[in-house]
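*Asks:* Structure for the following, please:
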Amino acid sequence: MDEEGIHETFVLTNIFAFFFAMPVKFIPWDAVRAFDEEKGCMVAYLDTSKVEAGGFSKALLKLGGYRFCGSFVNPVVTEEELKEFTEL
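*Replies:* Numbers count the residues shown, from 1 in each chain. Okay, the predicted model is just below:
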């Protein structure tokens, strides 16, 4: 995460009992439409037309947004930290 956006990340999906990690090359900050907090995890809702990723990754981002999940990121990303990069 830097002043340009979020680089080299992934989105997870669960199909039956299997987890799949789908790569995302770049999410620019101007693709973020809104932030929300769900169960202690920050979620960015995106304009996926500006995201550099494959079609399945974009579909997952469009449906569920990008989650700054606490189980994978330590320390947990907070709303204050996100305000450093975006005006939302």
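*Asks:* could you list every residue that touches Lys58?
*Replies:* Lys58 is in contact with Thr48, Val51, counting by Cβ atoms under 8 Å, 6 or more residues apart in numbering. Yep, even glycine has a C-beta here, placed from its N, CA and C like the rest.
*Asks:* Got the phi and psi for Val43?
*Replies:* Reported as degrees, to the nearest 10, the phi and psi values for Val43 are phi -130, psi 130.
*Asks:* I figured it was touching Arg33, is that so?
*Replies:* No: assessed by Cβ atoms under 8 Å, Val43 is found out of contact with Arg33, at 11.2 Å.
*Asks:* Show me which of those two is the more surrounded one.
*Replies:* Applying other Cβ atoms under 10 Å to Val43 and Arg33 shows that Val43 carries more neighbours, namely 17 against 11.
*Asks:* Quick check: the gap between the more buried one and Asp36.
*Replies:* 5 Å (Cβ to Cβ, to the nearest Å).
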